[in-house]
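A.B. asks: How does the following fold in three dimensions:
(2 chains)
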Amino acid sequence: DTAVSQTPKYLVTQMGNDKSIKCEQNLGHDTMYWYKQDSKKFLKIMFSYNNKELIINETVPNRFSPKSPDKAHLNLHINSLELGDSAVYFCASKTLVSAQYFGPGTRLLVL
Amino acid sequence: QQQVKQSPQSLIVQKGGISIINCAYENTAFDYFPWYQQFPGKGPALLIAIRPDVSEKKEGRFTISFNKSAKQFSLHIMDSQPGDSATYFCAASMSSGTYKYIFGTGTRLKVLA
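C.D. replies: Coordinates of the predicted model:
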């Protein structure tokens, strides 16, 4: 199936831990994004990479560090997790002429 | 200038009725306006999109109306069905630069059977 996939789907962890979320797209897109969706459903962009280069870096705590090993992958590492990091994190991708296609989300719960 | 204002926050419609969700933007450089549909536990999925060179675009029961001078656009769902119950997001973007989407705050639609 052609799609944007994310792992894991669910992540439950303790405050202070470090965790990573992975995203892969097989759509041949060259731009990838990370979004955070809070409990009120608001979609907030965090980062974007185009051809492995960071092009969007919103006001996000530096505990969040994205990494794009190649055009098809964009990972998100979070250090020293806090309660407020609990949210659903979505990966998305697009080409120059396409809309953004979203992954299924990673539900992060920090206890 | 970067905001997209979406209303209403929530909407309840009877089956067979028309659902209307409105969005307004300020930045005249925006030239791409997609609508996304999100079901609980799923990622947002592209529903329909429009560029400002047309005033209306229709795909099945879904229609976008676009008013360039008023800087407003709206989603109309005709013959609304219970299966349309979801959260809808409008967005605005520029076809250059970072291709960043500015999303509206979402509308939770419930269609009663």
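A.B. asks: Report the contact partners of the closest residue to chain A within chain B.
C.D. replies: With C-beta to the nearest C-beta, the shortest gap between chain B and chain A falls at residue B:43, namely 3.7 Å. To be clear about C-beta, it is placed using only N, CA and C from the backbone, and glycine gets the same treatment. Listed by C-beta atoms under 8 Å, 6 or more residues apart in numbering or on different chains, the contact partners of residue B:43 are A:4, A:90, A:92, A:102-105.
A.B. asks: So what's the predicted local confidence for it?
C.D. replies: As summarised for this prediction, residue B:43 has a pLDDT of 96.
A.B. asks: if I've got this straight, it is in a strand?
C.D. replies: No. Counting by DSSP: H, G, I helix; E, B strand; the rest coil, residue B:43 is not part of a strand but coil.
A.B. asks: quick one, strands of the chain?
C.D. replies: Answering for chain A, as no chain was given. For chain A, strands defined by DSSP state E occupy the ranges A:4-7, A:10-13, A:19-25, A:31-37, A:43-50, A:53-57, A:64-70, A:73-78, A:87-94, A:101-102, A:106-110.
A.B. asks: meant chain B actually
C.D. replies: B:4-7, B:10-14, B:19-25, B:33-38, B:45-50, B:56-59, B:62-67, B:72-77, B:86-92, B:102-103, B:107-112.
A.B. asks: Mean neighbour count and distance to residue A:8 for those - can I get that in a markdown table?
C.D. replies: As requested, the strands of chain B are arranged in a markdown table below (neighbours: other C-beta atoms under 10 Å in any protein chain shown; distance: least, C-beta to C-beta, whole Å):
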| stretch | mean neighbour count | distance to residue A:8 |
| --- | --- | --- |
| strand B:4-7 | 18 | 31 |
| strand B:10-14 | 14 | 31 |
| strand B:19-25 | 20 | 33 |
| strand B:33-38 | 22 | 20 |
| strand B:45-50 | 17 | 21 |
| strand B:56-59 | 12 | 34 |
| strand B:62-67 | 18 | 33 |
| strand B:72-77 | 20 | 33 |
| strand B:86-92 | 24 | 23 |
| strand B:102-103 | 21 | 25 |
| strand B:107-112 | 18 | 27 |
